[in-house]
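**Student:** Sequence and predicted model, in that order:
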Amino acid sequence: MTTVPFGHNSAMRQNINPTHEMLPDELEKNLRGFLTHALDLNQQIKDTATLLDQFGTHVQAAPDDEVLNAALGRWKYALIRNVFQDFDIEPTPENISGPFIGSGIRAVITSIDHDLKTPESMVEVVLNRSNFETLKRSVDQLWFRLDEANEDLFQNQDVLPASVKELVEFYTRKIEEDEGNSYHHCAMFQDDMNLMGYTFDYGLDGVPFNLREGVKASGLDLDHDEPEPEPEPAPGM
């Protein structure tokens, strides 16, 4: 017998991405639609299983409470992922577990308090035990934390060490005075900032942005590959 859990069928993968810009009632409407859609799909699997059983093929759909649990987990992840995508950050365990942002993640997850032990009207049980005002505040808080954690230090140079500020001023003048070579200047600028523990992004327009502490950013910067070592001569030569 084959069990078909929710999420393993490509037809079930509905792309619903709640966003921090939604009002509490919109969040509820979005979650209601997501959970109801999951249960409807599971019912389709049950109906199909009944038909297949007549031909000797036995398929068992997942219980509704498991489907609802899985759908709720996916919705919460989509909610968090949507906020992270505003900052081009992949919500991996490594970058969401820190105490600064991690507490915001936990607030979003724990804001949806649910109980699936009551078999009747399980969607209503989830919704009735969810405080969407609190959820909205939690999502806004997460957005604020990410925004604060990803502050562009070009816009707040007062917090930079004096030596870093001098380097920024030097390359700013260089880029402004020689715009035709701004992309090349950005590459040198980034290399020098890496030595001081900072990095930033820049594009083909040669305009630096998103200054932050950290290692060299990938993207449209110039890759300076290390030269391959010369092969050692054979013995006796």
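**Tutor:** Structure received. Just so we're clear, the structure is a prediction, and the values are computed from it rather than from any experiment.
**Student:** Now do the helices in this structure.
**Tutor:** 24-53, 64-85, 93-96, 99-111, 122-128, 132-149, 162-177, 182-195 (DSSP state H).
**Student:** Break the protein down into its structural domains.
**Tutor:** 2-149, 153-213 (automatic domain parsing).
**Student:** Using a markdown table, lay out those together with mean pLDDT.
**Tutor:** What follows is these, written out as a markdown table (pLDDT from 0 to 100):
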| stretch | mean pLDDT |
| --- | --- |
| domain 2-149 | 76 |
| domain 153-213 | 88 |
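**Student:** Quick check: the closest residue to I101 other than its chain neighbours vs Q43, distance?
**Tutor:** Excluding the flanking residues, the one nearest I101 by Cβ to Cβ, 6 or more residues apart in numbering is R145, at 5.3 Å. (Each C-beta comes from the backbone N, C-alpha and C, glycine too.) Taking Cβ to Cβ, to the nearest Å as the measure, R145 falls 39 Å from Q43.
**Student:** do F154 as well
**Tutor:** F154 sits 54 Å away from Q43, taking Cβ to Cβ as the criterion.
**Student:** ok, now N128?
**Tutor:** Distance from N128 to Q43, counting by Cβ to Cβ: 22 Å.
**Student:** neighbour count winner among the two?
**Tutor:** Higher neighbour count among N128 and Q43: Q43, with 13 against 10, using other Cβ atoms under 10 Å.
**Student:** Can you give me the distance of the more buried one to T50?
**Tutor:** For Q43 relative to T50 (Cβ to Cβ), the value is 11 Å.
**Student:** Then Y202?
**Tutor:** Note on Y202: its distance to T50, by Cβ to Cβ, is 60 Å.
**Student:** N69: neighbouring residues, count only.
**Tutor:** Neighbourhood size, N69 [other Cβ under 10 Å]: 18.
**Student:** Let the chain start at 25 from now.
**Tutor:** Understood, numbering begins at 25; the last thing we discussed is N93.
**Student:** List the residues that contact it.
**Tutor:** By Cβ atoms under 8 Å, 6 or more residues apart in numbering, the contact set of N93 is L140.
**Student:** how many other residues sit next to the residue nearest to E157 when sequence neighbours are not counted?
**Tutor:** With Cβ to Cβ, 6+ apart as the criterion, E157 has its nearest non-adjacent residue at 5.1 Å, and that residue is P48. Using other Cβ under 10 Å, P48 has 16 other residues around it.
**Student:** P48 against L159, yeah?
**Tutor:** Yes - contact criterion Cβ atoms under 8 Å: P48 and L159 qualify, at 7.0 Å.
**Student:** Quick one: residues contacting V132.
**Tutor:** So V132 contacts 100, 103-104, 159, 162-163, 166 (Cβ under 8 Å, 6+ apart).
**Student:** how about the nearest residue to it, chain neighbours excluded?
**Tutor:** Nearest to V132 is S162, by Cβ to Cβ, 6+ apart, at 4.7 Å.
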